[in-house]
Structure formats: structure tokens, C-alpha cells
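Peer 1: Need the 3D shape of this:
(one chain, ligands or ions: 2)
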Amino acid sequence: LVTIRELYKEKDKFIGQTVEVGGWVRSIRDSKTFGFIVVNDGTFFETLQIVYSDKLSNFADISKLNVGAAIVIKGQLVATPQAKQPFEIQAEEIEIEGASSPEYPLQKKRHSMEYLRTISHLRPRTNTFQAVFRVRSLIAYAIHQFFQERDFVYVHTPLITGSDCEGAGEMFRVTTLDMNEVPKTEDGSVDYSQDFFGKETNLTVSGQLNGETYAMAFRNIYTFGPTFRAENSNTTRHAAEFWMIEPEIAFADLKDDMILAENMIKYVIKYVLEHAPEEMSFFNSFIDKGLIERLQHVASSDFGHVTYTEAIEILEKNNDNFDYKVSWGCDLQTEHERFLTEQVFKKPVFVTDYPKEIKAFYMKLNDDNKTVAAMDLLVPGIGEIIGGSQREDNYEKLVARMNELGLKEEDYDFYLDLRKYGSTRHAGFGLGFERCVMYLTGMTNIRDVIPFPRTVNNCEL
Ligand code: 4AD
Ligand code: MG
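Peer 2: Ligands and ions are numbered 1, 2, ... in the order given. I've put the predicted structure just below:
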């Protein structure tokens, strides 16, 4: 079978030839002696028209086909210079591999995103989700290519772990204990020494701590895998299971980290504009008007930079606009992030040097002893898409910070070893993969850029 992509990409070779194509019926119109079927085979963002006539022995069966049926067509590909499509197939044979039914949920009309979420097993057959999930796949490939071209080593960090990298306590527990008969210690707490791993474990919230150990061996590494957060926030940009890319670079500081992040984002934008032009122009027309022009601009101009302290000064002057009023020391909410990137800078912007109290234990303390060498990248339409930092590489300072936060040193022996044996300045960041897909497609809900979303009260399929 030839694919619809091949037919479009190598038109000249196929026109006039007899070809065989498999696809799913998008629409069908028939009259007494002939009919038209439009099929899509998922390989390309265009459909293919089939003309058939009562010369076919199974003409009656074909005319009864429903949307969604799987068929294999054999016939001549003929040019149609007058029509919207460049060619069509004049069928000599149509084999029905799998019929569909009039109850098929995806009829030729506009369905709401909410409805399509209830049929996440069928929605990849629609134009919107064909575009989203092909672009998602290409972005993943582009990210690997970006890092591999630069000799970064791809490290597979574990999904089950005993630590809470971000210290936010938003973890899904992993256990084989019988919930009806949980073993207890003398003081009444759960006795995890009797659990599968002999200790308390959870699904990872970040591969960073493991990633750092490999950066201290390979210099430049990246991870790309699923992460899990039991955040009880039902928003359009939080999922309980999401994918994260976490590069970690040694002999590098926060500036190097931001340069890497900016180059990566620009690389990925250029990659999808070049490799998915049909999908991107679909988003540009139907999902987010002006998307392509904006992305092109982002790919060719410098990102903004502002310190947290400067950002707070700007935001305080605009506190009237916010539900949640800001002052120095508070964490930025989505409304503030979006205000900065959409109203003030009107482009992606790095916010740096946050107060240590609102950031994780591993971030490098600045000389002011109040802020840490952190950076968040904010983008219009979404807010935070990347969170990163230079890491504390000084053993004493790291231990002091852990003690302040009540973290047990013995739980982080491996991490402290890195500061004992050949410690060097190093930095890294985490890119939320779904937020990146949202940014590049203009889709506005995280549930619509991951095939089977997991959010509060939702774990279907
Ligand atoms: O800012 P975060 O929490 O940073 C880290 O986890 C660091 N360990 C990364 C590092 O320095 N190696 O998360 C990083 C990014 C966020 O900027 C956001 O894009 C995404 O991960 N993210 C989520 N995406 C979807 N759903 C959620 N619940 C997310 N939580 C974070
Ligand atoms: Mg963050």
C-alpha cells in the first residue's frame, strides 16, 4: 500500500499509475450509478478523494458504507487540475476491511473539545488531533535531535524513587502494602520497612537529582520521561502525569543554562515550522490566529530577562489588575506570569533570582543570602514553561540549607557525595513537554495535547 503522504510528496511519480491505498472513510456521497468517498490514512494532513461507479461488483455494499469504515482502494491516480485537491483515485476495486456504523461518534461536523475528551480513543481521528499528535511527536524528535547534535547523553532516570526532588509533597505513593492491614510501627505510623522496597517510595516528580549524578560523569546530559504530581489543582495547564525534559550541564552557570533553554526553544520552533507546515497552518487558521508569525518572531529575536525583584516592582504597580496581590516574597501566580510576558515584555521572558523560601532546596544561594540562582521561562498564553537553576555545589551550604528545611542528610547521601568528590558549578532546567506542545500549537488546554490525560478525578482508558 502507498500512503497518502507519499502520493502528495511524490505526485509526479504516481499520477497516471495504478496505486493501492488503505484508509478510513471521512465522508461518502453516492448516486444511482457512481459515488465519491473521501478517505484519510493518518499519514498526511490531507485527504484523498475516491471516485467509484457501478462497474464495481460490490457497488451496493460500498454505497452503504458509514463514516469511519476501513477500506482498501485500488485504482488509477488521476490529476484534477480544476479541483481543490490535486488528484483523485478512480477506483477499480474497493475492499471493505472493517465496516463502521451510523452511531460512529465522529460525524462530519464540529465537535467540542469537551466532548472529544470523553472519547480520547477516537479523537486522534479528527483533524485537530491528527495535527496535535503529529506535532507532539515531531517536537519530541526535535528535542532529542537538539541535544544529541550537541553530544548530550540521554539518561533514563527512574520513575519509582524514594525522594521528593521539589520538596512540595505532591507525590503519588508506590506501595504493595495491603491497605486493610497496613503494618504499623510502635509509635503507630505506617511501617514501610515491610513494604516492597523496604522504605517509603513514590512516583518521581522530577528526574533532576538522578540526572545531576550523570552530569557529574558525562558533563552534559538530558532526561526525557514521564513525571507525576498529585497537585490538587484543576487548571488548563496542570496534569497529574506529564512529560519533562531535564538537561543538566556541568562547568556551567545560570547564564549558560538560560542560553541553552533559549536555543532549545528556538530550535524546536524552527523544526516544527519546517517539518509540519500543513499542521502548523491548520493551527494558524483554526486554533490560534497569527500563531506562525508570532513563533517566527520568537525564533528570531532575543528573549527578555528580568529579576524576580524587578518583576515584583512592575507587578505591584499593577496590583489592581490581579485577584491575588503581589509583594516581595510571594510566589508568582499564573495571572502575574501572563501579565509579565503578555503585557509587559510581549515575548518569552526569563525571571531570575527568586527568594530562596519559594524555591527548592538544591538551588544555589546568591551572595545576598536571600535569593537563589533560579530561572523560570514565561511565555505568552501559558506562563511558566520552564523552571531551572544553578545548583548549590558547595557541600556546607547545601547541608545548611537542608537542615533549615528539615531534610534528612542520610536520605541524600548520593546527592551530597557529588559535592564531596569533584564538585563543580552546574545548572539545569525542566521543560514541561505538554506546555511546550501547547505553546507551539496554540492549544489552550493541557488535556488536549496529551493522548490520555490524567487529571484530578480523571483517569479514563
Ligand atoms: O518548575 P518545576 O517544578 O522544576 C523541576 O521539576 C526541576 N526539577 C527542573 C530542573 O531544574 N531540572 O517543573 C518544570 C516544568 C515547569 O516549568 C512546567 O512546565 C512543568 O514542568 N510542570 C508541569 N506540567 C504539567 N503539569 C504539571 N502538573 C506540571 N508541573 C510542572
Ligand atoms: Mg516551577
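Peer 1: buried set for whichever strand or helix holds V51?
Peer 2: Using DSSP states H and E, V51 sits in strand 48-53. Neighbour-count burial for strand 48-53 flags L48, Q49, I50, Y52 (criterion: 16 or more other CB atoms under 10 Å). In short, each C-beta sits where N, CA and C put it, glycine included.
Peer 1: Spell out which parts of this protein neighbour ligand 1.
Peer 2: 165-166, 206, 208, 229, 231, 238-239, 242, 244, 246, 384-389, 428-430, 432, 434-435, 446 (CB under 6 Å from any ligand atom).
Peer 1: on that earlier part again, now render the buried residues of strand 48-53 as CSV, adding pLDDT and distance to K13.
Peer 2: Shown next, in CSV, are the buried residues of strand 48-53 (pLDDT from 0 to 100; distance: CB to CB, whole Å):
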residue, pLDDT, distance to K13
L48, 97, 16
Q49, 97, 19
I50, 97, 20
Y52, 97, 24
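Peer 1: Go through the residues you listed and name the one nearest ligand 1.
Peer 2: Ranked by distance to ligand 1 (CB to the nearest ligand atom), the buried residues of strand 48-53 are led by L48 at 36.8 Å.
Peer 1: My guess is the closest one contacts G23. True?
Peer 2: Yes - with contact defined as CB atoms under 8 Å, L48 counts as touching G23 (6.7 Å).
Peer 1: list residues touching both of those two?
Peer 2: Shared contacts of L48 and G23 (CB atoms under 8 Å, 6 or more residues apart in numbering): I4, V39, N40, D41.
Peer 1: hmm, back to that, in helices, which of the residues of the chain next to ligand 1 fall?
Peer 2: In helices, judged by DSSP state H, the following of those are found: Q208, E434, R435.
Peer 1: so which of those residues is the most crowded?
Peer 2: Q208 (26 neighbours; other CB atoms under 10 Å).
Peer 1: I figured that one hits E246, correct?
Peer 2: Yes - using CB under 8 Å, Q208 makes contact with E246 at a distance of 5.4 Å.
Peer 1: could you measure the residue lying closest to F429 once chain neighbours are set aside against M280, distance?
Peer 2: Leaving aside its sequence neighbours, F429 sits nearest to G388 (CB to CB, 6 or more residues apart in numbering; 2.5 Å). To M280, G388 is 27 Å away according to CB to CB, to the nearest Å.
Peer 1: Give me the more crowded residue out of these two.
Peer 2: G388 (27 against 23).
Peer 1: what is in contact with Q208 and E246 at once?
Peer 2: Counting by CB under 8 Å, 6+ apart, the residues touching both Q208 and E246 are T223, G428, G430.
Peer 1: follow-up on the earlier one: Y412: which of the ones in helices among the residues of the chain next to ligand 1 is nearest?
Peer 2: Q208 (12.6 Å; CB to CB).
Peer 1: dump the residue contacts of the closest one.
Peer 2: C165, T223, E246, E248, Y362, G428, G430.
Peer 1: What does the pLDDT read for it?
Peer 2: Per-residue pLDDT puts Q208 at 97.
Peer 1: Please apply the same query to the one 4 residues further on.
Peer 2: We have a pLDDT of 98 for E212.
Peer 1: Please apply the same query to S233.
Peer 2: With respect to pLDDT, S233 has a value of 84.
Peer 1: Secondary structure of it: a strand, I assume?
Peer 2: No - secondary structure assignment (DSSP: H, G, I helix; E, B strand; the rest coil) places S233 in coil, not in a strand.
Peer 1: For it, which residues are in contact?
Peer 2: V456 are the contacts of S233 under CB under 8 Å, 6+ apart.
Peer 1: likewise M264?
Peer 2: I143, F146, F147, P247, L431.
Peer 1: which of the residues you listed tops the neighbour count?
Peer 2: Highest count within the contacts of M264 by other CB under 10 Å belongs to P247, 28 neighbours.
Peer 1: Find the nearest non-adjacent residue to it, please.
Peer 2: Nearest one to P247, counting by CB to CB, 6+ apart, is Y222 at 4.1 Å.
Peer 1: Specify the beta-bridge partners of the one you found.
Peer 2: Listed beta-bridge partners, Y222: Y154, P247 (assigned using DSSP bridges).
Peer 1: Number of residues surrounding it?
Peer 2: So Y222, with other CB under 10 Å, has 27 neighbours.
Peer 1: That one contacts L260, doesn't it?
Peer 2: No - using CB under 8 Å, Y222 makes no contact with L260, being 9.9 Å away.
Peer 1: Now the common contact residues for the two.
Peer 2: In contact with both Y222 and L260: P247, using CB under 8 Å, 6+ apart.
Peer 1: how deep is N40 tucked in, by neighbour count?
Peer 2: Neighbours of N40 (other CB under 10 Å): 20.
Peer 1: Just grab the bridge partners of it for me.
Peer 2: W24.
Peer 1: does it really touch I4, like I thought?
Peer 2: Yes - using CB under 8 Å, N40 is in contact with I4, at 7.1 Å.
Peer 1: So Y267 sits against I139, correct?
Peer 2: No - using CB under 8 Å, Y267 is not in contact with I139; the gap is 10.5 Å.
Peer 1: My reading is that I249 lies in a helix. Confirm?
Peer 2: No - I249 sits outside any helix when classified using three-state DSSP, being strand.
Peer 1: I'd like to know how far it sits from I287.
Peer 2: Relative to I287, and taking CB to CB, I249 is found at 34 Å.
Peer 1: Neighbour count for the two, which is higher?
Peer 2: I249 (22 against 16).
Peer 1: pLDDT value on the more buried one, please?
Peer 2: Taking I249 on its own, its pLDDT is 98.
Peer 1: Next one: the nearest residue to it once chain neighbours are set aside relative to P247, how far apart?
Peer 2: Closest residue in space to I249, ignoring its immediate chain neighbours: N220 at 5.1 Å, by CB to CB, 6+ apart. As for N220, its distance to P247 is 7 Å (criterion: CB to CB).
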